[in-house]
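Asks: Here is a sequence with its predicted model. Questions after.
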Number of protein chains: 2
Amino acid sequence: MLITSLDNSKVKDYKKLQLRKYREKKKQFIVEGSHLVLEAFKTGRIEELILEKDEIFPLDVETVYVTNEIINKISTLEVPQNIMALCNMKSSDFLGKRILLLDEIQDPGNLGTIIRSAVAFNIDTIVLGNNTVDVYNPKVLRASQGMIFHINIISKPIDEVISKLKEDGFTIYGTKVTHGDNLKNIDAPLKYAIVMGNEGNGMTEEITKLCDKFIYIDMNQNCESLNVGVATSIILYQLNK
Amino acid sequence: MLITSLDNSKVKDYKKLQLRKYREKKKQFIVEGSHLVLEAFKTGRIEELILEKDEIFPLDVETVYVTNEIINKISTLEVPQNIMALCNMKSSDFLGKRILLLDEIQDPGNLGTIIRSAVAFNIDTIVLGNNTVDVYNPKVLRASQGMIFHINIISKPIDEVISKLKEDGFTIYGTKVTHGDNLKNIDAPLKYAIVMGNEGNGMTEEITKLCDKFIYIDMNQNCESLNVGVATSIILYQLNK
């Protein structure tokens, strides 16, 4: 299929997916650039491959060719890519045994980095609490390097998820800058969840009360705290067996 | 001292420090916001505290009061801060025993994060090779959370530094995504240096040849690589005793 009109209804739908509320309504989002498109393809998440009309990118999926003008309209990048894909959101209620709970992470780059590290260190599910940046935000997708397609991600209030996990025998680890057990001494049980809090304020008091134990990363006293993406990655690295 | 004219020579000098070449010529740079100013103060690096005229920030250093108009002219931030400081660059040729060599790191956020983690995990000196982003770039300063004042940072060609370190009995660790020794099994000697390469391309071939050993971080095969700030931080965490 070749589309040349900016007024085509498909083009309008693609464009609307730049907005979070429309992405959530349609359960769809767009990724840009060959790397992200390939990661989406590997995991069977592409609904439509969107190519600029002379582009060759031979994937066995439905392909829509568009003009350069349309690419520019749909893209969220300063330098638009001529390879994109319309993808579907997908998540499972089966959480697995190693869970990462994110409580109010705000920065798209941090969330993307955390997703990338969570895949690297074998987390089964990431739970995004309220007030967490949208995981389908284009900046998150790029920072995740497409790893978003390789991990189960759900959005749900953290307190509800913790209650359920506790019933199922999970240990809930909170994270604090200086209190609790030194990460290097943690012997994690078979089923556990780790809670990471907001960049500036850490975990909310409400969620702190629900944790069973707390982890800290031993640091030089000149350094007050680590970047939250770094802290999360170090914890996941250490607990990965 | 109160300055009210935008044409004052001090104001012109502050403004010029937005440019790397002028910073390098004057061996000075400006930090913005109370957090960075306090870190600079703790380490005796402030030459002049620059305050908007009604601001109170009682530090025992030479203080220059300026108008809001001048603050806006000097600032590199979208929302300028009314507390700034003119600081001096300072570095020591005494490198210590744990060295981090950065080869062509490009992203200011990554460099800032790496500096923050290097302080946290007791690195003595960071060496910035050619083609590395300027460490006094305001974005680097912010991402470092002021940790730049708590560590020795020098700029020098990496190959020259490696030659010198080898003569002094240092072990030089390169980093690769899949080859070498698993980070979890490394027993680091007393004196060592770690080389981290460029975001997209890793270490240059020239530098790779100079390394004694290579480290990799064991990861799930779905994940090709980690963010360079994260990878560096995990390595420094693991090797910190």
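Replies: Looks like it arrived, so ask away. Residues are numbered from 1 along each chain as shown, chains lettered A, B, ... in the order given.
Asks: alpha carbons only for contacts and neighbour counts from here, please
Replies: Fine.
Asks: Buried ones in stretch A:124-131, by neighbour count?
Replies: A:Asp124, A:Thr125, A:Ile126, A:Val127, A:Leu128, A:Gly129 (16 or more other CA atoms under 10 Å in any protein chain shown).
Asks: and the residues you listed as CSV, adding distance to A:Asn82?
Replies: Shown next, in CSV, are the buried residues of stretch A:124-131 (distance: CA to CA, whole Å):
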residue, distance to A:Asn82
A:Asp124, 33
A:Thr125, 32
A:Ile126, 31
A:Val127, 32
A:Leu128, 31
A:Gly129, 34
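Asks: Redo these as a markdown table? Include distance to chain B, pLDDT and secondary structure.
Replies: What follows is the buried residues of stretch A:124-131, written out as a markdown table (distance: CA to the nearest CA, whole Å; pLDDT from 0 to 100; DSSP: H, G, I helix; E, B strand; the rest coil):
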| residue | distance to chain B | pLDDT | secondary structure |
| --- | --- | --- | --- |
| A:Asp124 | 12 | 98 | coil |
| A:Thr125 | 14 | 98 | strand |
| A:Ile126 | 16 | 98 | strand |
| A:Val127 | 19 | 97 | strand |
| A:Leu128 | 21 | 96 | strand |
| A:Gly129 | 23 | 94 | coil |
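Asks: element containing the residue nearest to A:Ile234 when sequence neighbours are not counted?
Replies: Nearest residue to A:Ile234, sequence neighbours excluded (CA to CA, 6 or more residues apart in numbering or on different chains): B:Ile234, at 5.5 Å. Assessed by DSSP states H and E, B:Ile234 sits inside helix B:228-239.
Asks: From the buried residues of stretch A:124-131, pick the one nearest A:Ser75.
Replies: A:Leu128 (25.7 Å; CA to CA).
Asks: Quick check: that closest one touching A:Leu102?
Replies: Yes. Look at A:Leu128 against A:Leu102 with CA atoms under 8 Å: they come within range, at 5.1 Å.
Asks: which neighbours do these two share?
Replies: Shared contacts of A:Leu128 and A:Leu102 (CA atoms under 8 Å, 6 or more residues apart in numbering or on different chains): A:Ile158.
Asks: low-scoring stretches of chain A, by residue?
Replies: Counting by pLDDT under 70, chain A has no low-confidence residues at all.
Asks: Please repeat the previous calculation with a cut-off of 90.
Replies: A:130-131, A:176-179, A:199-202, A:224, A:241 (pLDDT under 90).
Asks: For it, just list every one of the strands.
Replies: Ranges of strands within chain A are A:2-3, A:28-32, A:46-52, A:63-66, A:83-88, A:98-102, A:125-128, A:152-155, A:171-175, A:181-182, A:192-196, A:213-216, based on DSSP state E.
Asks: Tell me which of those strands lies nearest to B:Phe170.
Replies: Using CA to CA, the nearest of the strands of chain A to B:Phe170 is strand A:181-182, at 29.5 Å.
Asks: Show me what the closest one is packed against.
Replies: strand A:213-216 (3 or more CA pairs under 8 Å, 6 or more residues apart in numbering or on different chains; DSSP states H and E).
Asks: Only C-alpha atoms, please: export the strand it packs on in CSV.
Replies: The C-alpha trace of strand A:213-216 is given here as CSV (Å, rounded to 0.1, in the frame of the first residue of the first chain):
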residue,chain,number,x,y,z
LYS,A,213,13.6,-5.2,54.1
PHE,A,214,15.8,-2.4,52.7
ILE,A,215,18.9,-2.4,50.6
TYR,A,216,21.6,0.2,50.4
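Asks: can you list contacts of that strand?
Replies: In contact with strand A:213-216 (CA under 8 Å, 6+ apart) are residues A:171-183, A:186.
Asks: Turn these into CSV, columns for neighbour count.
Replies: Shown next, in CSV, are those (neighbours: other CA atoms under 10 Å in any protein chain shown):
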residue, neighbour count
A:Thr171, 19
A:Ile172, 22
A:Tyr173, 22
A:Gly174, 24
A:Thr175, 25
A:Lys176, 19
A:Val177, 16
A:Thr178, 15
A:His179, 13
A:Gly180, 15
A:Asp181, 16
A:Asn182, 13
A:Leu183, 18
A:Ile186, 14
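Asks: May I see the domains of chain A written out as residue ranges?
Replies: A:2-88, A:98-239 (automatic domain parsing).
Asks: Can you tell me which of those is packed in deepest?
Replies: Stretch with highest mean neighbour count among the domains of chain A: domain A:98-239 (a mean of 19; mean count of other CA atoms under 10 Å in any protein chain shown).
Asks: For the closest residue to A:Ile3 other than its chain neighbours, give me its contacts.
Replies: Excluding the flanking residues, the one nearest A:Ile3 by CA to CA, 6+ apart is A:Val66, at 4.9 Å. By CA under 8 Å, 6+ apart, the contact list for A:Val66 reads A:Leu2, A:Ile3, A:Thr4, A:Ile50, A:Leu51, A:Glu52, A:Lys53.
Asks: Bridged to A:Gly202, which residues?
Replies: A:Asn198 (DSSP bridges).
Asks: State the distance from it to B:Ser233.
Replies: 20 Å (CA to CA, to the nearest Å).
Asks: thinking again about what came up before, of the contacts of A:Val66, which is the nearest to A:Ser155?
Replies: Nearest to A:Ser155 among the contacts of A:Val66, with distances taken as CA to CA, is A:Ile50, at 27.6 Å.
Asks: Who is that closest one paired with across the strands?
Replies: Bridge pairing for A:Ile50 - DSSP bridges - gives A:Val64, A:Met84.
Asks: A:Met89 - how many residues pack around it?
Replies: 16 (other CA atoms under 10 Å in any protein chain shown).
Asks: Touching, it and A:Ile30? I think so.
Replies: No. A:Met89 is beyond contact range of A:Ile30, at 10.3 Å (criterion: CA under 8 Å).
Asks: how near is the closest residue to A:Ala118 other than its chain neighbours to A:Gly33?
Replies: Using CA to CA, 6+ apart and skipping the chain neighbours, the partner closest in space to A:Ala118 is A:Leu236 (6.9 Å). Using CA to CA, A:Leu236 is found at 28 Å from A:Gly33.
Asks: what do you get for A:Asn82?
Replies: Taken as CA to CA, the span from A:Asn82 to A:Gly33 is 7 Å.
Asks: Could you do A:Ser163 as well?
Replies: 40 Å.
Asks: cool, and A:Asn152?
Replies: For A:Asn152, the distance to A:Gly33 - CA to CA - is 22 Å.
Asks: between the contacts of strand A:213-216, which is closest to chain B?
Replies: Comparing the contacts of strand A:213-216 against chain B with CA to the nearest CA places A:Leu183 closest, at 10.6 Å.
Asks: how about the residues of chain A near chain B?
Replies: A:113, A:116-117, A:119-122, A:147, A:150, A:219-223, A:225-227, A:229-230, A:233-234, A:237 (CA under 8 Å from any CA of the partner chain).
Asks: could you redo the last one with a cut-off of 7 Å?
Replies: For chain A, the residues in contact with chain B (CA under 7 Å from any CA of the partner chain) are A:113, A:116-117, A:119-122, A:147, A:219-220, A:223, A:226-227, A:230, A:233-234.
Asks: Give me the subset of those that lies in helices.
Replies: The helices, defined by DSSP state H, take in A:Thr113, A:Arg116, A:Ser117, A:Val119, A:Ala120, A:Val230, A:Ser233, A:Ile234 from the residues of chain A next to chain B.
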